[in-house]
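A.B. asks: sequence isn't available, so here's the structure alone:
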């Protein structure tokens, strides 16, 4: 695998491939996302408009196999900013390490660290000293939870991230097999850079 970082309008040539990859990977547990290319293009528009965004792309023989998004929290969707503002925290102080997707055959080979390293470097280059991301909260007894599922909490903790007490946002998407969107809670994690 090789990695590149695209910022702002540099993402435009890759939007279709990123959208398709996100749809493919987010179908898996715990997101169970029933996505569309149109929705993804609209969501990714925030990253194209923001010159401080940084999207890490993982390639294998010219094929996009992974992507990891980030941008200043103040440039992200208002739903992600809301719990910070509601808790007296200025969203302008945080760099949002949004999502990472990677095709299954490439997992466990260090891409997760490369994704975090590059996004944290982009945050520092943009003058940020605080990084945050959020992860969907699903009940342990959810019928779609795969046997032997291992959450990424241990990986995140090794990178210095901790759950941010009281910082939970709600975001909507259609679950697999559902026609309409439903709101899901997402727990924020954070660390100082």
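C.D. replies: Alright, I've got the coordinates. Everything numeric in this text was worked out from a predicted model, so none of it was measured.
A.B. asks: residues making contact with stretch 131-150?
C.D. replies: With contacts defined as C-beta atoms under 8 Å, 6 or more residues apart in numbering, stretch 131-150 is touched by 29-32, 73, 80, 94-99, 119-120, 123, 152, 161, 164, 167-169, 176, 184-193. In this view, the C-beta of every residue, glycine as well, is placed from N, C-alpha and C.
A.B. asks: scratch that, stretch 13-27 is what I was asking about
C.D. replies: For stretch 13-27, contacts defined as C-beta under 8 Å, 6+ apart pick out 6, 11, 32-37, 40-41, 44, 48, 55, 57, 64-67, 99, 101-103, 176.
A.B. asks: so which of the contacts of stretch 131-150 are in helices?
C.D. replies: Secondary structure from DSSP state H places 80, 119, 120, 123 of those in helices.
A.B. asks: and the second one, how many neighbours does it have?
C.D. replies: Number of residues near residue 119 (other C-beta atoms under 10 Å) recorded here: 25.
A.B. asks: ok, now which ones touch the residue nearest to it when sequence neighbours are not counted?
C.D. replies: The spatially closest residue to residue 119, leaving aside those adjacent along the chain, is residue 70, at 4.1 Å (C-beta to C-beta, 6 or more residues apart in numbering). By C-beta under 8 Å, 6+ apart, the contact list for residue 70 reads 53, 54, 55, 56, 95, 96, 97, 98, 119, 122, 123.
A.B. asks: same thing but 6 Å
C.D. replies: Residues in contact with residue 70, defined by C-beta atoms under 6 Å, 6 or more residues apart in numbering, are 54, 97, 98, 119.
A.B. asks: for residue 45, see how far away the closest residue to residue 189 other than its chain neighbours is.
C.D. replies: Excluding the flanking residues, the one nearest residue 189 by C-beta to C-beta, 6+ apart is residue 161, at 4.3 Å. Look at residue 161 and residue 45: by C-beta to C-beta, to the nearest Å, they are 27 Å apart.
A.B. asks: alright, that wraps it up for me.
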